[in-house]
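*Asks:* Quick one, what's the 3D model for this:
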Amino acid sequence: MIPIQDLLNRIRWDDAFATGYFVIGYHDRVSGEIVQVPLQDVEFVQGNHFFFQFTGPNGTVREVPLHRIREVYKNGELIWHRDR
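*Replies:* The predicted structure is shown next:
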């Protein structure tokens, strides 16, 4: 399995691979569940390779470390997962 940073870079920079609908599933420490976020709602802060951020449904900006990403889907199909 490739590192998550490599997969995210491929999605961002490989136009042929990046066509489709991507969803990131991360482990939420509070709920203990996997929370899914559409990649289009995710922002990667330039120069920071350790987390992503997105605005939650209540309007708060959430920062999630990349090591908490557990799964990535493309067009509803699981293409990457982290062993637990």
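*Asks:* hey, let's count contacts and neighbours off CA atoms from now on
*Replies:* Fine.
*Asks:* Mind pulling up the pLDDT for residue 83?
*Replies:* What the model reports as pLDDT for residue 83 is 79.
*Asks:* Where does it sit: helix, strand or coil?
*Replies:* Classification of residue 83 using DSSP: H, G, I helix; E, B strand; the rest coil returns coil.
*Asks:* Disregarding flanking residues, what is the spatial nearest neighbour of it?
*Replies:* Closest residue in space to residue 83, ignoring its immediate chain neighbours: residue 70 at 7.8 Å, by CA to CA, 6 or more residues apart in numbering.
*Asks:* sec struct for residue 7, please.
*Replies:* On the basis of three-state DSSP, residue 7 is classed as helix.
*Asks:* pLDDT value on it, please?
*Replies:* At residue 7, pLDDT is 94.
*Asks:* since we're on it, how many residues are nearby?
*Replies:* Residues near residue 7, counting by other CA atoms under 10 Å, number 15.
*Asks:* do residue 69 as well
*Replies:* 22.
*Asks:* dump the residue contacts of the closest residue to it other than its chain neighbours.
*Replies:* Leaving out its chain neighbours, the residue that sits closest to residue 69 by CA to CA, 6+ apart is residue 26, at 4.1 Å. By CA atoms under 8 Å, 6 or more residues apart in numbering, the residues touching residue 26 are 34, 35, 36, 64, 68, 69, 70, 71.
*Asks:* ok, 6 Å please
*Replies:* Contact analysis of residue 26 by CA atoms under 6 Å, 6 or more residues apart in numbering lists 34, 35, 68, 69, 70.
*Asks:* Give me the buried entries from the residues you listed.
*Replies:* Applying 16 or more other CA atoms under 10 Å to these, the neighbour count classes 34, 69, 70 as buried.
*Asks:* Residue 78: which of those residues is nearest?
*Replies:* Proximity of the buried ones among the contacts of residue 26 to residue 78 (CA to CA) peaks at residue 70, which lies at 10.7 Å.
*Asks:* still on that earlier bit, for the buried ones among the contacts of residue 26, give me JSON lines that also has secondary structure, distance to residue 50 and pLDDT.
*Replies:* Shown next, in JSON lines, are the buried ones among the contacts of residue 26 (DSSP: H, G, I helix; E, B strand; the rest coil; distance: CA to CA, whole Å; pLDDT from 0 to 100):
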{"residue": "34", "secondary structure": "strand", "distance to residue 50": "19", "pLDDT": "95"}
{"residue": "69", "secondary structure": "strand", "distance to residue 50": "11", "pLDDT": "95"}
{"residue": "70", "secondary structure": "strand", "distance to residue 50": "15", "pLDDT": "97"}
